[in-house]
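Chemist: Here is my input; please provide its structure:
(chains A, B, C and D)
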4 protein chains.
Amino acid sequence: MEKIKVSIAGASGYTGGELIRLLLFHPNVEILQVTSERYLGKFVHKVHPNLRKNTAIKFCGLDDLEKCDLLFLCLPHGESMQRIDNYIKLAGKIIDLSADFRLNSANIYQTWYKKPHPKPEILKNFIYGIPELHREEMRTSPWVSSAGCNATATILGLYPLFKNNIVERTQTVVEVKVGSSEGGNRSSEASHHPVRSGCIRSFSPTGHRHSAEIEQELSFGDNVKIHFSATSVEMVRGVLATCHVFLKKKAEEKDIWKFFRKEYAEEPFIRIVKERDGSYRYPEPKLIAGANYCDIGFELDGNSNRLVVISAIDNLMKGAAGQAVQALNIMHGIAETTALEFPGLHPV
Amino acid sequence: MEKIKVSIAGASGYTGGELIRLLLFHPNVEILQVTSERYLGKFVHKVHPNLRKNTAIKFCGLDDLEKCDLLFLCLPHGESMQRIDNYIKLAGKIIDLSADFRLNSANIYQTWYKKPHPKPEILKNFIYGIPELHREEMRTSPWVSSAGCNATATILGLYPLFKNNIVERTQTVVEVKVGSSEGGNRSSEASHHPVRSGCIRSFSPTGHRHSAEIEQELSFGDNVKIHFSATSVEMVRGVLATCHVFLKKKAEEKDIWKFFRKEYAEEPFIRIVKERDGSYRYPEPKLIAGANYCDIGFELDGNSNRLVVISAIDNLMKGAAGQAVQALNIMHGIAETTALEFPGLHPV
Amino acid sequence: MEKIKVSIAGASGYTGGELIRLLLFHPNVEILQVTSERYLGKFVHKVHPNLRKNTAIKFCGLDDLEKCDLLFLCLPHGESMQRIDNYIKLAGKIIDLSADFRLNSANIYQTWYKKPHPKPEILKNFIYGIPELHREEMRTSPWVSSAGCNATATILGLYPLFKNNIVERTQTVVEVKVGSSEGGNRSSEASHHPVRSGCIRSFSPTGHRHSAEIEQELSFGDNVKIHFSATSVEMVRGVLATCHVFLKKKAEEKDIWKFFRKEYAEEPFIRIVKERDGSYRYPEPKLIAGANYCDIGFELDGNSNRLVVISAIDNLMKGAAGQAVQALNIMHGIAETTALEFPGLHPV
Amino acid sequence: MEKIKVSIAGASGYTGGELIRLLLFHPNVEILQVTSERYLGKFVHKVHPNLRKNTAIKFCGLDDLEKCDLLFLCLPHGESMQRIDNYIKLAGKIIDLSADFRLNSANIYQTWYKKPHPKPEILKNFIYGIPELHREEMRTSPWVSSAGCNATATILGLYPLFKNNIVERTQTVVEVKVGSSEGGNRSSEASHHPVRSGCIRSFSPTGHRHSAEIEQELSFGDNVKIHFSATSVEMVRGVLATCHVFLKKKAEEKDIWKFFRKEYAEEPFIRIVKERDGSYRYPEPKLIAGANYCDIGFELDGNSNRLVVISAIDNLMKGAAGQAVQALNIMHGIAETTALEFPGLHPV
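Modeler: Sure, this is the predicted structure:
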């Protein structure tokens, strides 16, 4: 099989670096170009020091991009959509990792992002990038929009319950705990180590933009409301979503198992984590740092109709670069786990 | 003023150590005896190394306890209530820091602790140890039962809202994030550093016993349901409670301010933390390590009737030893902040 | 006693904030003014959030400074010496917390700081700010220059050995491990949390400027060479200096004890930490966060003439603000531990 | 090529788990059996939760071991040597990961381990397991003894200097900073999270047993003395060795480069890390968690003949399981990097 020629626009950020790491070991992919205006002409390992001795590639400029088979866009939110016509000309396939094409509705985009969308007519052509929900569409679509990291953890945790319509649609409360890499690679007062270290910081108690895509994916044509909050914790990589849903009618844990198995039994990257004892009874983000898993657990409240679903991912993997490579594999008919086999470390 | 003679039963644990630290600098208190069976005869600083050079006191046995003015009980849950009659004979005043006397109802105790209470007849004589709710009763009562740490953070965050009856009574979801010192000073597989370090561990998604005391204190004679979860995070000291409540009718943030001010304006240990900008817009547990504050913030959800209340304490201070010393001060008519002036560190 | 009127120039940094924290609880001190150009007119707690509800003071400008009894200079290195004449006019006593007046020799200053000293004639009038070495001079001198944090840990660990001339003078290797607050409160790429978190970073393997003051204080008129390295570790506050010295002649541990006792037996802020068992056999920086202690331990190498001395401080306390308040106390004949009683926390 | 049949004795520990992780993805290896008395009959992922969904293998007992091509011994120190005759019968090749066969001399073993070696006659048949020093011997020897983690970091950092005889032989000071996984998977008071978290603990200021193997490998037939200390820092995986050596004669950095290049230019797992700027100028353990690299940097002291060499590894990888798989590859004539390609994560 001829190698897929891939370029990455905006490759000096954390997501871009993770993509390079994965693609360097992908047997069917050749990295053609990686761009960075800030580090133009520098070796990739100056910015992504883990890749030292693994590649001699250097950053080029965005305007130097040549034709390729697939172009990853890892640009800051708001930039992909400004020049999407150019990128479409460069590559037959595009995977955009920003928030620009996640929402199907330009109205909802404007509500949450406070500005009109410049390309509303193509929004519906981008497939929302969670393979577990949209695998078939990905097989034939040239354009994929990667899902938000917090949204991915939440949606995968709740999808079987909303799809099968067994939970109250407007009462769900989701609390995500997130690591500092979610904020990207630019330093700020808030990311200064003495400030950020050891913190538990409620940075988005309400109003988090990922709410919009979560509600989009869980609505199934009906009204849905997710009460979402995000809290920073001491961690670099990882998301843990704790989702409190309320069952429409009484159920036992084996009933819940059934719904998760029904949707996920064949999924290579979903693991149901639910042990009776030990330290790892429920999903744990640190165990999947570098891995593409979404680990999901749950517990029924014996005193009410509440079900607590716990969902963990690595925000840079299943929440960004890993899921994007999974999409690449699907779009090219390659085995879905290719280049995504790393299982995570323990202890860590 | 003659010094209050104080002893501590079970002084080798984290709560006991924190009490010793505070009382050593209390101008009106003399520490008479501190007990530990495990460290009998050893200097206190062997177990509480921060107290080196601050005291030459040694641990004695529980059976060596002599009469004193006030006895703190820092014994494991279930032990105080077995021998409470003895302790009552030893000291005119008792502050129990276990869970044994927190619940007013023996029935509810049995439901949550899975065994009958051996002294149901005296449960109502113990004042639940949050001064902001029970200050007047403490002034005249000889017995106080310290509140649970997670319960303290939650109750103080929600008290003005439930007291003033402005929120739905059965829809509240509370997610507490807790440090490792909550588990006490005995090592286990789960507390082993390679396992516990960097974790975000959903250790009690449902069924946490503090739910019972939270509901007791927030009921105001009516039905109330708190959907409670607890997650361990990378931190030694501290609790952050994120409480999602739903307002009965539309309100603005200034209305919410009013309720918090009404209840807490004069409280020395409650701070409302709500800034427009900066890294410290909301409560942050690390800033109050060693301090007796409960910091409370809130944010209204612009898209629904949800109000998110964020509440932080140090579990060993306002959640245990600090609040107990606050009770001691009230019980003796001493200025309430005595020995509790340490404001916390920054950066840390 | 009338209160000492104190102002702080450059009070928005970490050292300035720590000084405010300590002085707010100093019974003999009144804080007159605190300056910050960046936060002019803002409440102190906007910058030092731990001080919320503890003071209503606001930052003024450097040019607004009025006469006071003692002026602390917490300005960036290189600024105090430019305008020292002005400051001298404002205050009878000055404690400078920068590196500007630590070295007695203008030549050595130029060697290490790569520029000529603008006020060489007054260098000798500044007392080097470690009370354990210069207490008597501090009692009568109006000017004190606070010692560097890494220098303080190293000097206090080695002083009894060099003073008593029992170690090789040019063979000592010192490895300090330091927290992120040493870098100050300005964020940078290196202090960005995903970069700085969990790191062990050799940031100054050779050439650290504190070497100069260490050698000055340990020389005792003779040649001395300290081979110094500094490594950043995961910690916000704290310094641990591991000092490898080589004994001139064979000794036993009790001999070493003798030298430490001889110099430090009466010192309120030096603790010799050397236990046979337990987790706290040697000094541990986290235990003294917020405290003014310098904890010192040592171990003789059974296979050679090496003695390893381990010394821990809080860089913002004994390494800066705490030691400066200790100097203030000495300069005013106040009990030396005033406002410095906080013993540190455990667990933490 | 037929798969190499491999078993692991003592596979429930951290080193055993890491071996399983690596070997599951080794194209030339089939895992036959893994033993654990404690977890007999349990699935591997109960103990190594990162391996969930990656293998269905269960632990068997030590006595159930069948014949295999290569047997890894990951037993506690002191156990391999008791039953080595049995193991020799089971497998044509043995790689022992304990300290039992690292030292060539039974006398030196007794000096450091305080007991006589039960099998002195076979000590010299075990090849000391650092391929960069002993690759050729490994190609033909059936028995390899894996090197200590701290020893590996130190030896690889210093080998080119001692081999080429350019440094003083008895003056070297080595300070290693280590993570908590070095202590193994059994919890203790010292590994209890509130105690171990955030610590900088001088746990072995002198007398560390790895000194013996370091001196053995760096002696080159001559007297050598390494003044070694070990300090625990906040980290789970990783070792950073800071080595202070003294050059026999003046040299420039390019001279030092030459010696490192001479020995390591072709080494797949050695990287010289020495940048002029940025946050990653020198080796950083966290970047190589999960990778088999030994990263080495150095800096000449402009004020003396000191050279500081900084060396980082993952203690469970290049310090144990990774280096053991590297040995397996060499012993079987397989490409040396097989199953060891993971480059490490960034950010992390």
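Chemist: For chain A, which segments count as strands?
Modeler: In chain A, the strands defined using DSSP state E lie at A:4-9, A:29-35, A:59-60, A:68-73, A:91-96, A:127-128, A:143-145, A:172-178, A:201-204, A:226-232, A:239-246, A:270-272, A:294-300, A:306-313.
Chemist: Nearest to chain C, out of the ones you listed?
Modeler: strand A:226-232 (9.3 Å; C-beta to the nearest C-beta). From N, CA and C alone the C-beta is placed, and that goes for glycine too.
Chemist: Indicate whether that closest one makes contact with chain B.
Modeler: Yes: Strand A:226-232 is in contact with chain B by C-beta under 8 Å from any C-beta of the partner chain, via A:227, A:229, A:231.
Chemist: Stretch A:145-155 too?
Modeler: No: using C-beta under 8 Å from any C-beta, stretch A:145-155 stays clear of chain B, with a minimum separation of 11.7 Å.
Chemist: could you check the distance from the closest residue to A:Arg135 other than its chain neighbours over to A:Asn292?
Modeler: Spatial nearest neighbour of A:Arg135, chain neighbours left out: A:Ile330 (6.0 Å); criterion: C-beta to C-beta, 6 or more residues apart in numbering or on different chains. According to C-beta to C-beta, to the nearest Å, A:Ile330 stands 13 Å off from A:Asn292.
Chemist: Make JSON lines out of the strands of chain A and add mean neighbour count and mean pLDDT.
Modeler: What follows is these, written out as JSON lines (neighbours: other C-beta atoms under 10 Å in any protein chain shown; pLDDT from 0 to 100):
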{"stretch": "strand A:4-9", "mean neighbour count": "24", "mean pLDDT": "98"}
{"stretch": "strand A:29-35", "mean neighbour count": "21", "mean pLDDT": "98"}
{"stretch": "strand A:59-60", "mean neighbour count": "21", "mean pLDDT": "98"}
{"stretch": "strand A:68-73", "mean neighbour count": "24", "mean pLDDT": "98"}
{"stretch": "strand A:91-96", "mean neighbour count": "22", "mean pLDDT": "98"}
{"stretch": "strand A:127-128", "mean neighbour count": "23", "mean pLDDT": "98"}
{"stretch": "strand A:143-145", "mean neighbour count": "25", "mean pLDDT": "98"}
{"stretch": "strand A:172-178", "mean neighbour count": "27", "mean pLDDT": "98"}
{"stretch": "strand A:201-204", "mean neighbour count": "22", "mean pLDDT": "97"}
{"stretch": "strand A:226-232", "mean neighbour count": "25", "mean pLDDT": "98"}
{"stretch": "strand A:239-246", "mean neighbour count": "26", "mean pLDDT": "98"}
{"stretch": "strand A:270-272", "mean neighbour count": "21", "mean pLDDT": "98"}
{"stretch": "strand A:294-300", "mean neighbour count": "25", "mean pLDDT": "98"}
{"stretch": "strand A:306-313", "mean neighbour count": "27", "mean pLDDT": "98"}
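Chemist: about what we covered before: show me the contacts for the residue nearest to A:Arg135.
Modeler: Residues in contact with A:Ile330 (C-beta atoms under 8 Å, 6 or more residues apart in numbering or on different chains) are A:131, A:135, A:138-139, A:336.
Chemist: correct me, but A:Pro205 touches B:Ser311?
Modeler: No: using C-beta atoms under 8 Å as the test, A:Pro205 is too far from B:Ser311 to be in contact (11.9 Å).
Chemist: Close to chain D: what parts of chain A are there?
Modeler: A:14, A:17, A:21, A:24-25, A:46, A:48-54, A:181, A:185, A:236-237, A:271, A:273, A:275, A:278, A:280, A:284, A:287-291, A:293, A:341-348.
Chemist: Select from the residues you listed every entry located in helices.
Modeler: A:14, A:17, A:21, A:24, A:46 (DSSP state H).
Chemist: By neighbours, which of these wins?
Modeler: A:Gly17 (27 neighbours; other C-beta atoms under 10 Å in any protein chain shown).
Chemist: Surely it is in contact with A:His48?
Modeler: Yes: contact status for A:Gly17 versus A:His48: in contact at 3.9 Å, counting by C-beta under 8 Å.
Chemist: measure A:Lys250 to chain B for me?
Modeler: Using C-beta to the nearest C-beta, to the nearest Å, we find A:Lys250 at a distance of 15 Å from chain B.
Chemist: whoops, I mixed them up, A:Leu70
Modeler: In this view, A:Leu70 and chain B are 34 Å apart by C-beta to the nearest C-beta.
Chemist: Not counting residues beside it along the chain, what's closest to that residue?
Modeler: Closest to A:Leu70 by C-beta to C-beta, 6+ apart is A:Lys93, at 4.2 Å.
Chemist: what's the answer for A:Asp295, then?
Modeler: Using C-beta to C-beta, 6+ apart, the closest residue to A:Asp295 is A:Pro283 (3.6 Å).
Chemist: again, but for A:Gln171
Modeler: A:Gln171's closest residue in space is A:Phe246 (C-beta to C-beta, 6+ apart), at 4.9 Å.
Chemist: And A:Ala212, by the same measure?
Modeler: In this structure, A:Ala212 finds its nearest non-sequential neighbour in A:Trp112, 4.5 Å apart by C-beta to C-beta, 6+ apart.
Chemist: Distance check, the one you found against A:Ile313.
Modeler: Taking C-beta to C-beta, one finds A:Trp112 at 22 Å from A:Ile313.
Chemist: before we move on, what about A:Ile288?
Modeler: 7 Å.
Chemist: Now do the shared contacts for those two.
Modeler: Among the neighbours of A:Ile288, those also in contact with A:Ile313 (C-beta under 8 Å, 6+ apart) are A:238, A:295.
Chemist: Which positions in stretch A:108-121 come out as buried?
Modeler: Neighbour-count burial for stretch A:108-121, with 16 or more other C-beta atoms under 10 Å in any protein chain shown as criterion, is recorded at A:108-109, A:112-113, A:117, A:119.
Chemist: no wait, stretch A:124-132
Modeler: A:126-132.
Chemist: State the pLDDT value of the residue nearest to A:Arg135.
Modeler: What the model reports for A:Ile330 is a pLDDT of 98.
Chemist: same thing with the one 3 residues further on?
Modeler: As predicted, A:Gly333 sits at a pLDDT of 97.
Chemist: Counting neighbours, what do you get for the residue nearest to A:Ser12 when sequence neighbours are not counted?
Modeler: Among residues not flanking A:Ser12 along the chain, A:Ser36 sits closest, at 3.7 Å (C-beta to C-beta, 6+ apart). Other residues lying near A:Ser36 total 23 when counted by other C-beta under 10 Å.
Chemist: tally of neighbours for A:Asp85?
Modeler: By the criterion of other C-beta under 10 Å, A:Asp85 has 10 neighbours.
Chemist: any idea how far chain B is from A:Leu247?
Modeler: Taking C-beta to the nearest C-beta, one finds A:Leu247 at 12 Å from chain B.
Chemist: Just give the nearest non-adjacent residue to that residue, would you?
Modeler: Nearest non-adjacent residue to A:Leu247, counting by C-beta to C-beta, 6+ apart: A:Asn305, 4.6 Å away.
Chemist: residue contacts, the one you found?
Modeler: By C-beta under 8 Å, 6+ apart, the neighbours of A:Asn305 are A:246-247, A:249-250.
Chemist: Quick check: A:Ile20 touching A:Leu51?
Modeler: Yes: counting by C-beta under 8 Å, A:Leu51 is a contact partner of A:Ile20 at 6.4 Å.
Chemist: who has more neighbours, the two?
Modeler: A:Ile20 (26 against 21).
Chemist: What separation do you get for A:Gly221 and A:Asp69?
Modeler: Taking C-beta to C-beta as the measure, A:Gly221 falls 35 Å from A:Asp69.
Chemist: just A:Ile214 next, same as before
Modeler: According to C-beta to C-beta, A:Ile214 and A:Asp69 sit 32 Å apart.
Chemist: Might you name the residue of the stretch 201-348 of chain A sitting closest to chain C?
Modeler: A:Val236 (4.8 Å).
Chemist: Fine, thanks again, bye for now.
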